[in-house]
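S.K.: Here's my sequence, what's the structure:
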Amino acid sequence: MKALFKVLFCAACLLAGTASAAVSRDDASALAQKKTNGGRVMSVEKFVEGDKNVWRVKVLTSSGEVRAVFVDEATGKTY
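M.R.: Alright, predicted model coming up:
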């Protein structure tokens, strides 16, 4: 039901011409897990990098390595 609501909300925003591409904390966590092949999220912090808002997601990988995945809040791009 939440997914349907999000789709409808985004469609309404696009039709209104005020679409927002903001990535939430939960979205950033999911993107980081995907980038690390299902690692366990340890923490999520938001900070400013240059002129962008970025989420830093610390993930414990299946091999026991701690990785920091950065997610651009506006675009969802991971690095």
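S.K.: Please, where are all the strands along the protein?
M.R.: 40-49, 52-60, 66-72 (DSSP state E).
S.K.: Show me how far the first one is from its chain's centre.
M.R.: Spelled out, that is strand 40-49. Here the centre of strand 40-49 is set off from its chain's centre by 9 Å, with Cα atoms, centre = their mean, to the nearest Å.
S.K.: Check which residues of it are buried.
M.R.: By neighbour count with 16 or more other Cβ atoms under 10 Å, strand 40-49 contains the buried residues 41, 44. Backbone N, C-alpha and C define where each C-beta goes, glycine included.
S.K.: could the strands of the chain go into TSV alongside distance to residue 25 and mean pLDDT?
M.R.: Output for those, formatted as TSV (distance: least, Cβ to Cβ, whole Å; pLDDT from 0 to 100):
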stretch	distance to residue 25	mean pLDDT
strand 40-49	5	97
strand 52-60	7	98
strand 66-72	10	98
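S.K.: mind putting these in TSV, distance to residue 24 included?
M.R.: Shown next, in TSV, are the strands of the chain (distance: least, Cβ to Cβ, whole Å):
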stretch	distance to residue 24
strand 40-49	10
strand 52-60	9
strand 66-72	10
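S.K.: Figure out which of the ones you listed is closest to residue 22.
M.R.: Each of those has some distance to residue 22 by Cβ to Cβ; the shortest is strand 52-60, at 8.4 Å.
S.K.: in its sheet, what does the closest one sit against?
M.R.: Partners of strand 52-60 in the sheet, by DSSP bridges, are strand 40-49 (antiparallel), strand 66-72 (antiparallel).
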